[in-house]
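> Curious how this folds, go ahead:
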Amino acid sequence: MSVPGEVRYGIERLYVFPYYQTREEYQKATGVEPPKFDGTRAPKYWFDPAAKESTRRNMAYDHILSYAVNGSPLFDDNGKPMLEVLMLNKDEAATVNIPPKGLGMANIPGADKPEIPPPLRALNADEEFFVPFPGIIGVRIKNSLEPDRGFTEEDRAILMAIAKKLGV
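Residues are numbered from 1 along each chain as shown. This is a model prediction of the structure:
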């Protein structure tokens, strides 16, 4: 079932595993200091606790949003976000790679790489992806009455067509 009482919400509600914005947030939530950031690997703000115990060498995650090399989400011809499968070796899946943030922590080598996106749960039958603004992905309840926010679905479709034509 979808999120009760809400007709639209962010994709973070679909995350299968907790997502840690900072090293401090990770340490507070887990009680363990995060591993040192490795700039040769992509940043990763989530981990699969079952991966360490797995007898398999690789872990597969079926619902991952697709991103371009520059980190922008990819969309299909209908303007819907594309999904793909993510394969990680179990050691990578079992740990985070969170770059340090804060005062004096600018220009950390490797921190500017696109992150490894978190796995999502499958959409429920009453949910669908939508794009409230170009490049932003949300989830909404199908056929729900939303408060009037000024733009209709037709307006959004026209804006998306214009953005696609302009290449933005």
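> Wait, Ile98 touches Arg41, no?
No: counting by C-beta atoms under 8 Å, Ile98 does not reach Arg41; the two are 11.1 Å apart. Where C-beta positions appear, they are placed from N, C-alpha and C, glycine not excepted.
> Which one's more surrounded, those two?
Taking other C-beta atoms under 10 Å, Ile98 and Arg41 do not tie; Ile98 has more neighbours (25 against 13).
> Name all residues that make contact with the more buried one.
For Ile98, the contact set (C-beta atoms under 8 Å, 6 or more residues apart in numbering) comprises 20, 22-23, 26, 34, 37, 43-45.
> Chain neighbours aside, what residue packs nearest to it?
Arg23 (4.9 Å; C-beta to C-beta, 6 or more residues apart in numbering).
> List phi and psi for that neighbour.
phi -60, psi -40 (degrees, to the nearest 10).
> how near is it to Leu103?
14 Å (C-beta to C-beta, to the nearest Å).
> same check, this time on Pro134
With C-beta to C-beta as the criterion, Pro134 and Leu103 are 33 Å apart.
> Looking at these two, which is more packed in?
Relative neighbour count places Pro134 above the other of Pro134 and Leu103, with 17 against 5, counting by other C-beta under 10 Å.
> Return the residues in contact with that one.
Per C-beta under 8 Å, 6+ apart, neighbours of Pro134: 159-160, 163, 168.
> now with 7 Å?
160, 163, 168 (C-beta atoms under 7 Å, 6 or more residues apart in numbering).
> Please identify which helix or strand holds Leu88.
strand 83-89 (DSSP states H and E).
> so where do the helices sit in the chain?
Here the chain has its helices, by DSSP state H, at 23-30, 90-93, 153-166.
> which one of those lies closest to Asp77?
Among the helices of the chain, helix 153-166 comes nearest to Asp77, with 9.6 Å by C-beta to C-beta.
> from the middle of its chain, how far away would that closest one be?
The chain centroid and the centroid of helix 153-166 are separated by 23 Å under C-alpha atoms, centre = their mean, to the nearest Å.
> same thing with stretch 6-14?
Going by C-alpha atoms, centre = their mean, where stretch 6-14 is centred and where its chain is centred differ by 12 Å.
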